[in-house]
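Engineer: got a predicted model here, sequence first, then my questions.
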Amino acid sequence: MSALLEAQGLTKTFGNGVRAVSSVNLAVDAGETLGIVGESGCGKSTTAKMLLRLLDADEGGIYFDGAEVTHAKGKALKNLRKRLQVVPQNPQTSLNPRVTVRSSLEFAMRVQGYQRGARAKRIPELLSRVGLDPSYAERYPHQMSGGQLQRVAIARALSTEPDVVICDEAVSALDKSVQAQVLNLLVELQRDLKVAYVFISHDLGVVEHFADRVAVMYLGRVVEEAGAAELWANPKHPYTQTLISSTPGRADKRMVLTGELPNPANPPSGCGFRTRCPVVVDQCASTWPALNVVGRKHFVSCVHHLDVAKPPEEEVARAS
Amino acid sequence: MSAALSVTDLRTAFGGKRDPIRALQGVSFELNSGETLVLLGESGSGKSVTIRSIMRLYGKTTDIGGSVRLDGRELMTLPEGEMRKIRGRSIGLVPQDPTGALDPLRSIGSQLVEMLRANGMATSRSAAKARALELLDAVGIPDPKRVARSRPHQLSGGMRQRAVIAIAVSCEPAVLVADEPTTALDVTIQAQVLEIFLDLQRRLGMAMILVTHDVGVAEEVGGTIGVMYAGRLVEVGPAAAVLASPRHPYTRGLLESLPRPGIKRGELPVIAGRPPLTGERIPGCPFSPRCPLAQPECRIERPPLILVEENRLAACPIVGHAAGQDLREKVSA
C-alpha cells in the first residue's frame, strides 16, 4: 500500500546558498502521526512548507493519495489544500485580529466551496468539537487566551475535512498546563476523524508522547527514523542519542556535544554531524551515508550502522 | 547572620493609581551566598516581574512596594544613582534574549572591557582586555580572541548567550539573576550552557535566582524551587522534594500534565481552565477556579504560605491541614 502523503528526495537550496533540505524522504499513512524533531535550522519547517506547497522544492517529488502534487496548480492545488491543512505555531499571528472567529472559519470554508447553509451549520459544530462554546464564534482573537486561539486554529484546519494536518510547533507556544489539554484534543480528533498528523516539534518529550513514528533531522537531512517507542528505547544515531540525553532533567546520562551546528551555507564534507560527533571516524569525511535498515522500520544514516541483515524488499524501497 | 538577599512582601503594580495591574502580590524569600532559588511558573505568573522588581528595572509609572535587602542594605529606597552601582556590580543579570542584551554595533570584547572598567574591576585597559579573554574562556568559548573581536551578529545564539553570561559574572556579583537563560537555545546547546552556568555559580559562590518555565531545567539546577502562580509563591521547598512529591494542587497538576513515558496518548492528566492573566483578579485562592480540591471557603480567603512539613511551604489550607493531621497521627502513634 502506498502512503497517503509521501515525499521523495525533497531538496531545497535558498538563494543565499543555504541548503536547507537535502534528499528527504518521508511517508505518512492515513490516520497515523509522523513526528519530525530537530534543532533550529535543521530544515523541519522548510520541509513542512514544501509538503504544504508553500515553497517549491528544487528537486524531488510530493505525492498525495497516489497522485503527484509536486507542481500541482489551479484546481488540483486547491483540492490539495482542502485535504492537507496546517496548524501553525502562533495563533496570535495566524488568525486575522480584525475579524471574528466566525469570519475566520467562514473564509476557510467559503474558499473551498462550502455553501452558506453548510458553513452556518458547521461553525458551532467545529467549535464544540475543539472544546469551545459556540458563542466564541462572535469573539475577536484579542478576547481569547493562547490555548483558546490554538483551538480555533485547529477548528479552522479541520473545517475543510482534511486527511492530513501538519502541526508546525503547534503546542510550543502554550503554557504546559494548557499544552496537555491541546495534545489530548489532537489525539481525540485523530481517533474520531481518522486524520493523519505531521507533528513538527523541538520538544522531544511531547513528540515521544504524541507520535507513532519519528524522523530526526540534522542539517537538512533525516538521520534516523523509527517508531517512537523504538527510537527512545534504542536510538542508534549518535545525534539522536545526544538529543535524547540532552533533554533537561536527564543529566545523569547526559552526553554533551562539544561544537555547534555548522553553517548550512558551508556544510562540512561527508556526514554533516561529524564535526560534533563523539564517535567520528576517518570515513565520515568522505560521504554522508544513506539511510540503512537497522531494525523493523528503523532507519539510520551512520557508518557505524550499516545494514545489519538483508532487509525485506518493502523496507528497502522506503529506505532508498 | 543575615541573608545575602532578603525579599519581603514584594508588590508590583503597573499602570498608575486607577485600576492598576497587580502583577506581584506579596513575594518573600531569603537567599544565602552560594544558594539557588529557581522560580518556576507559567507565563503571567510573575517570575520575571520578581527579578526585574528586585533590580528596580521599571519606570516611574510602576509602583513597587515591599523590601529588598542586599547584605542588609535596603535597595527600595536607594537613590537611582546608587542603585545603578548595584546593578551589574552586585547583582548580575542574564536575560532570556542575548541578542537584545548586546550592543549590535560593538565587539564582544569592548562590551566586556566597558563593564570591567566602569565597575573598577581592572586598573588599566590592557588589564581589562586580558581579563575579558579569561572570562570568555571561563564560559567555554573555544576561541576567545576571535570572539572578543566579533560583533554579536557574527556569533551563534549559544555563543552570544555565553558572552552575556561572561558580562554578567565579570564583576563577580554577590547575586546572579537569570531570566530563562537557556530557553532560546537548542537542547544540545542548552545542556552545555546550563552546565557552564552552574559551574560558575559554584566557583564564585554567588547566590542565584533562576527563572524558568521548564520543569526539566528546574530539576537540573536544583537548590530551592519556588513555584509561582498569579503573582505569588504558592509552594517553596528543596527542588528534589518538590518535584518528587509536590504539595500544592497547582504544582501537582503542572507536573502531572507533562508528557512522560507510561502515559497513554490522549490521556494526559490536565488542569482545567487556563492560567490567570497578569494581575487578573480572582477572589480567594487564585487557583481555586481550577483546583480539584477546592472547597467553598477557598473562594473567599486568600491562603498564606504555611509550613506543611520541615522545609516545605505551601499556600493551601487543604493540603496544609491534611499534612498537619499526618504529623499529629505520627506523633500519637
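Structural biologist: It's in.
Engineer: where does B:Val27 sit, in terms of helix or strand?
Structural biologist: Here B:Val27, judged by DSSP states H and E, is contained in strand B:21-31.
Engineer: which ones are touching B:Met159?
Structural biologist: A:Glu260, B:Ile141, B:Val147 (CB atoms under 8 Å, 6 or more residues apart in numbering or on different chains). Placement of C-beta: from N, CA and C, glycine included.
Engineer: the first one - that's part of a strand, no?
Structural biologist: No: A:Glu260 is assigned coil when assessed by DSSP: H, G, I helix; E, B strand; the rest coil, not a strand.
Engineer: quick one: the strands in the stretch 101-250 of chain A?
Structural biologist: In the stretch 101-250 of chain A, the segments counted as strands under DSSP state E, counting those that start in this stretch are A:164-168, A:196-201, A:213-218, A:221-227.
Engineer: would you turn those strands into TSV with mean neighbour count and distance to B:Ile225?
Structural biologist: Formatted as TSV, the strands of the stretch 101-250 of chain A follow (neighbours: other CB atoms under 10 Å in any protein chain shown; distance: least, CB to CB, whole Å):
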stretch	mean neighbour count	distance to B:Ile225
strand A:164-168	24	31
strand A:196-201	25	26
strand A:213-218	25	31
strand A:221-227	25	35
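Engineer: count of residues packed around whatever residue of the stretch 51-200 of chain A ends up closest to chain B?
Structural biologist: With CB to the nearest CB, the shortest gap between the stretch 51-200 of chain A and chain B falls at A:Val187, namely 3.0 Å. By the criterion of other CB atoms under 10 Å in any protein chain shown, A:Val187 has 19 neighbours.
Engineer: surely it meets A:Phe210?
Structural biologist: Yes: with contact defined as CB atoms under 8 Å, A:Val187 and A:Phe210 form a contacting pair (7.4 Å).
Engineer: any shared contact partners between those two?
Structural biologist: B:Arg265.
Engineer: ok, B:Trp137 to B:Leu204 distance?
Structural biologist: Small correction: residue B:137 is Asp, not Trp. 15 Å (CB to CB, to the nearest Å).
Engineer: sorry, wrong one. I was asking about B:Val187.
Structural biologist: 26 Å.
Engineer: who's more crowded, those two?
Structural biologist: Legend: neighbour count by other CB under 10 Å for B:Val187 and B:Leu204, higher for B:Val187 (21 against 17).
Engineer: so what touches stretch A:135-146?
Structural biologist: A:91-92, A:95-102, A:105, A:123-124, A:127, A:148-149, A:152, A:173-175, A:178, B:274, B:277.
Engineer: give me the buried subset of those.
Structural biologist: Using 16 or more other CB atoms under 10 Å in any protein chain shown as the burial test, the contacts of stretch A:135-146 include A:91, A:95, A:100-102, A:105, A:123-124, A:127, A:148-149, A:152, A:173-175, A:178, B:274 as buried.
Engineer: using CSV, write out the CA atom coordinates for the strand holding B:Val27.
Structural biologist: Extracted C-alpha coordinates of strand B:21-31, given in CSV (Å, rounded to 0.1, in the frame of the first residue of the first chain):
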residue,chain,number,x,y,z
ILE,B,21,-2.5,45.7,37.2
ARG,B,22,-1.2,43.9,40.3
ALA,B,23,1.5,41.7,38.8
LEU,B,24,3.1,40.8,42.0
GLN,B,25,1.1,40.4,45.2
GLY,B,26,3.5,39.8,48.1
VAL,B,27,6.5,37.7,47.4
SER,B,28,9.0,36.9,50.2
PHE,B,29,12.1,34.8,50.3
GLU,B,30,15.7,34.8,51.6
LEU,B,31,18.8,33.6,49.8
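Engineer: quick one: the helix or strand following that strand to strand B:21-31, angle?
Structural biologist: Once the chain leaves strand B:21-31, the next helix or strand it forms, by DSSP H and E, is strand B:36-40. Counting by axes from the mean of the first three to the mean of the last three CA atoms, to 10 degrees, strand B:36-40 lies at 150 degrees to strand B:21-31.
Engineer: for strand B:36-40, buried residues please.
Structural biologist: B:Thr36, B:Leu37, B:Val38, B:Leu39, B:Leu40.
Engineer: near chain A, which of the residues you listed show up?
Structural biologist: Applying CB under 8 Å from any CB of the partner chain, the subset of the buried residues of strand B:36-40 adjacent to chain A is empty.
Engineer: out of those, which one sits closest to A:Arg296?
Structural biologist: Nearest to A:Arg296 among the buried residues of strand B:36-40: B:Leu40, at 40.1 Å, using CB to CB.
Engineer: quickly list what that closest one is bridged to.
Structural biologist: When bridges are called by DSSP bridges, B:Leu40 pairs up with B:Thr212, B:Val227.
Engineer: residue 89: what secondary structure?
Structural biologist: Answering for chain A, as no chain was given. Assignment for A:Gln89 (three-state DSSP): coil.
Engineer: so what's it up against?
Structural biologist: Applying CB under 8 Å, 6+ apart, the residues near A:Gln89 are A:Asp168, A:Glu169, A:Ala170, A:Ser172, A:Ala173.
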